[in-house]
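Chemist: Sequence first, predicted coordinates after that:
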Amino acid sequence: MGDIAWHRKDLLSIYDLESEEISLILDTAEEFKKVSERNVKKVPALRGKTVVNFFVEPSTRTRMSFELAEHRLSADIVNIAADSSSLRKGETLLDTVRNIEALQIDLIVIRHSAPGAPMLIAKNISCGVLNAGDGAHAHPTQALLDLFTIREKKGRLRGLKVTIIGDILHSRVARSNIWGLLKLGAEVTLAGPSTLVPRDFEKIGVRVCHDLRSAIEDADVVNLLRIQHERQRAGFFPSVNEYARFFGLNETTEKYLKPDALVMHPGPINRGVELASTVADGPRSVILEQVTNGLAVRMAVLFLVAGCMNK
Amino acid sequence: MSDNSEILLVGGRVIDPFCKMDMVMDIGIANGVITEPGKLKKPKKIKLHGKVIAPGFIDMHVHLREPGNTAAETIRSGTMAAAAGGFTSIVAMPNTMPPADTPGTVEYVRRHAESEGVVRVFPCGCMSKGLEGKEMAALGSLKRAGVVALSDDGRCIQNHELMRHVVEYAASFGLPILDHCEDESFKANGVMHEGKWSVLLGMAGQAAASEELIVARDIILSRQTGGKIHIQHISSLASIEQVRQARAQGINITAEATPHHLALTDECVKRFDANHKMNPPLRSEEDRQSIIAGLADGTITVIATDHAPHTTTSKLVEFDYAPFGVVGLETAVPVCLHHLYHTGVLSLSELIAKFTVGPAEILGFEDRALAIGNPADLTVLDIDDEFTVDATTFKSLSRNTPFDGMSFRGRAVATIVAGRIVHSLLPGSAR
Amino acid sequence: MPEKVKLCNNFEIKAAINEIAHSIVAEFHGKTPAKEFALIGIHRQGVPLAQRLISSIEQHSGKCPELAQLDISMYRDDIGMRNSLPIIHETNIPFDVNDMAVILVDDVLSSGRTIRAALDAITDYGRPKLIRLAVLVDRGNREFPIRADYAGIDLTVAQDSKVMVEFGQSENDSSIYVTDWDKA
């Protein structure tokens, strides 16, 4: 019949997914995007389901996006932040989630600073688990919304040249994007200071580059990552100013871009560091559309995962 | 510990690398020592046709956790695990709570090992007080209390001058140094090997350079002082290359490899199972191959388990927060037979030497050959017995093994300590 | 291959479609301007059926009502109870449903659950003046208090069998089968 069985109760990383599964999520998200454009911005798909947003690491944007997606699917929602959870009282992560599960909840959306924490949970409980970011490991919904945005704007992903610039070493956004882009046939270039862009990435077929101009001049998409000041303190690069001088996208360096190149950023932007305001707010920027699409992608993922929970 | 009953081991293939022997012969045991079969009166006969009889295996790197963490392991359970794995002697690392930096703690371990242990336990003492790497422990008094070696295992003395003094002073008491080599300034909260997989997984890496720098230091100090330094759980290609060159120059350096480092690589971490978290970490395939090459060419003379029990609760947490270490006593022999003997890397005699001659030479054990009058410590192997590891059957109190569910060919089927059968899978033996 | 038994051929189906079109024209033609009534096909087979109905209506009346397509996956009441999720197909309602006379079109009416979901979906797009239901086959077996306003063919089949309508590429290619539910 052509009905692809989505058979995962969890969404843990892009690395786990087949390219057909990624495409299915993106196709499904297209329909959910329309829901948010209607007058009645809500469907009953997850009516009666309870979703727990369990954020062991603070987050504003991702949590709001997930929360809104859950509301628009008519789910019941509980938010637990690290401060208010019993994790501080010495309880293990598994004990905490088993207690949550005992309240008959259906899905856990988890953000955690330790890589692999969502996998640990998914392996040990029966409700569905969505990874909303685990350390520097994975951030699958961010990658999916980036893929969605590129596909929507460019009509395809296969053969596109996508450059990701910044602190790749510590970036879950970069890792999930790399796997998603490679699986869907795009060519990936990573750029940034050599201390933050390890050459080991070349082993999976990615170009590593430490010169901004050669990294972006034939790119169809440039995705800039937020640069954290704490990396400077840890000795990865000498100063934020020097970073901006060599790897920032600004009025001067924007001239290297192709006219139709897309400029993306997962937010929040350090204006004037990795990205100048003129570029962030300029015609190539699709940064706000990424935010809009994040909602649709998260609705799609919640819908697909919820459909597989009782199996 | 010795047993008065007489035993005759019949028909086994006796392989003793101490005296370069490999032949089918009977071995007699009486009063806990090896005896001429003809002198036995009414021995209990044990048929060992098709089995291999070796001198008792020695594991010179075991954490018994007692005193301090008896939920993870006790002297009783740890020595039972050793027996089940084919080991007749183990060296107990001193990083207990309190650490074995005083004669009192060493006494405690010895006394409990004598009353509760099922294999021989040789205590190792601390190099520095409280394992803090600041002041030298009372090495002479520790020697008098019975330690056979010195180690700050788990930690590494960062102050090179203190280390030089420890090496010099220990040498005057004839104590070997067992060094955990790690430059702590390199650590940066690493939880796995720094390389392709740490980069792909977004995990903090531990650079091989941190081991290699301290190995270099130890070689320099050994050359300068003449002291005996043994590199524990060597894990990186460049470390092994340094040891190879140092040994060629006649420097008093030895090294051990663990079964997990020679069998597994950092790729295993992608499952985020903390039973693949240990220090030093599982390294790259290139490093793993260099360990195998080092064992083959004699650069690495010892296989030791670094048996590090941790409770299931403490390991079933986020990978970042789990403690380092895996148990090894009950899987070491199968893993090594599988990866070193059945693959043709080592002969059976060479493999047995890594568990016997290698550690005995470093520790100064001189009565380990299968010779008349020596203590009857023997390990019996069935080199073709295929089985699957089931951690729930471990004698150890802990189950933190990366080998659970994996199948291997060959294992220890009987362990005899001072003439007493402390472990047996042979037909007719009670399990 | 499931054991399929053909119940109706293209000729019979075309006749049924014409009959439905005729009834629709009789109710709406002259009373409601073409711009104010529209057909909404429910995925999957309701969409090609609605297309055929529209061309038949055009032949009868010379007027061509608008066509929309609706996917009701987000409105189902059995999420998490089925073995696999259907793919969500495109929903495209190119007109304002407010104050519109809307005819929902589906191939087979059985339990009524799909229509319940479709009613919820449509009302989330606005407040139609009225909603009618047209189906090619009414096979009975109702679980909800829902009936068709226009039904082309009434069938009586065993409860555990599935009625399938297949529309081919051309207007002259269609058939109705019955098969065991578990083989479908």
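Modeler: The structure has been received and is ready for your questions. The structure presented is a predicted model; accordingly, all values stated were derived computationally and were not measured.
Chemist: Does B:Leu381 belong to a helix, a strand or coil?
Modeler: With DSSP: H, G, I helix; E, B strand; the rest coil as the basis, B:Leu381 sits in strand.
Chemist: what about it, neighbour count?
Modeler: Look at B:Leu381: counted by other CB atoms under 10 Å in any protein chain shown, it has 28 neighbours. Just so you know, the C-beta spots here come from the backbone N, C-alpha and C atoms, and that holds for glycine as well.
Chemist: Now do the contacts for it.
Modeler: Contacts for B:Leu381 (CB atoms under 8 Å, 6 or more residues apart in numbering or on different chains) come out as B:51-54, B:86, B:333, B:337, B:410-413.
Chemist: From the residues you listed, which land in helices?
Modeler: In this view, the contacts of B:Leu381 that belong to helices under DSSP state H are B:Val333.
Chemist: and which of the contacts of B:Leu381 is nearest to chain A?
Modeler: Chain A lies nearest to B:Arg411 out of the contacts of B:Leu381, by CB to the nearest CB, at 29.1 Å.
Chemist: got a list of what that closest one touches?
Modeler: Neighbours of B:Arg411 in contact, by CB under 8 Å, 6+ apart: B:86, B:333-334, B:337, B:381-382, B:385, B:387, B:425.
Chemist: which of the contacts of B:Leu381 count as buried?
Modeler: Buried members of those, scored by 16 or more other CB atoms under 10 Å in any protein chain shown, are B:51-54, B:86, B:333, B:337, B:410-413.
Chemist: Now do the closest residue to chain C within the stretch 201-311 of chain A against A:Ile105, distance only.
Modeler: The nearest approach of the stretch 201-311 of chain A to chain C comes at A:Gly307, 4.1 Å away (CB to the nearest CB). Counting by CB to CB, to the nearest Å, the gap from A:Gly307 to A:Ile105 is 16 Å.
Chemist: And C:Val47, by the same measure?
Modeler: Using CB to CB, C:Val47 is found at 37 Å from A:Ile105.
Chemist: more neighbours, these two?
Modeler: C:Val47 (24 against 19).
Chemist: from the middle of its chain, how far away would stretch A:93-111 be?
Modeler: The chain centroid and the centroid of stretch A:93-111 are separated by 22 Å, computed with CA atoms, centre = their mean, to the nearest Å.
Chemist: Assign a three-state SS to the residue in the stretch 151-300 of chain A that chain B sits nearest to, would you?
Modeler: Nearest residue of the stretch 151-300 of chain A to chain B, counting by CB to the nearest CB: A:Asp200, 4.1 Å away. Secondary structure, three-state DSSP: A:Asp200 is helix.
Chemist: Which pLDDT value belongs to it?
Modeler: In this prediction, A:Asp200 carries a pLDDT score of 95.
Chemist: Write out the residues of chain A neighbouring chain C.
Modeler: By the rule CB under 8 Å from any CB of the partner chain, the part of chain A lying against chain C is A:2-7, A:24, A:27-28, A:30-32, A:34-35, A:38-40, A:42-46, A:49, A:73, A:106, A:303-304, A:306-311.
Chemist: Regarding chain C, what is its longest helix?
Modeler: helix C:10-28.
Chemist: That one - what's its average pLDDT?
Modeler: Rounded to a whole number, the mean pLDDT of helix C:10-28 is 93.
Chemist: helix or strand right after that helix?
Modeler: Toward the C-terminal end, the helix or strand that comes next after helix C:10-28 (DSSP states H and E) is strand C:37-42.
Chemist: Neighbouring strands - and their directions - for that following strand?
Modeler: Applying DSSP bridges, strand C:37-42 is found paired with strand C:66-70 (parallel), strand C:101-109 (parallel).
Chemist: Is chain A within reach of the helix or strand encompassing C:Gln51?
Modeler: Taking DSSP H and E as the definition, one finds C:Gln51 inside helix C:46-61. No. Counting by CB under 8 Å from any CB, chain A is not contacted by helix C:46-61; separation bottoms out at 14.5 Å.
Chemist: That helix: which residues count as buried?
Modeler: Under the neighbour-count criterion of 16+ other CB under 10 Å, helix C:46-61 has C:46-54, C:56-57, C:61 buried.
Chemist: Likewise for stretch B:184-197?
Modeler: B:186, B:190-197.
Chemist: Likewise for stretch B:356-364?
Modeler: By 16+ other CB under 10 Å, the buried positions in stretch B:356-364 come out as B:356-363.
Chemist: Which of those residues fall within helices?
Modeler: Among those, the residues falling in helices (DSSP H) are B:357-363.
Chemist: still on that earlier bit, does the residue of the stretch 151-300 of chain A closest to chain B touch B:Lys196 like I think?
Modeler: Yes. Contact criterion CB atoms under 8 Å: A:Asp200 and B:Lys196 qualify, at 4.5 Å.
Chemist: Separate out the buried members of the residues of chain A next to chain C.
Modeler: A:4, A:6, A:24, A:27-28, A:30-32, A:35, A:43-46, A:49, A:73, A:106, A:303-304, A:306-309.
Chemist: Just the ones of these in helices?
Modeler: Those of these lying in helices (DSSP H): A:24, A:27-28, A:30-32, A:35, A:303-304, A:306.
Chemist: List the residues that contact C:Val97.
Modeler: Residues in contact with C:Val97 (CB under 8 Å, 6+ apart) are C:122, C:125-128.
Chemist: repeat that with 6 Å
Modeler: Contacts for C:Val97 were tallied using CB atoms under 6 Å, 6 or more residues apart in numbering or on different chains; they are C:125-126, C:128.
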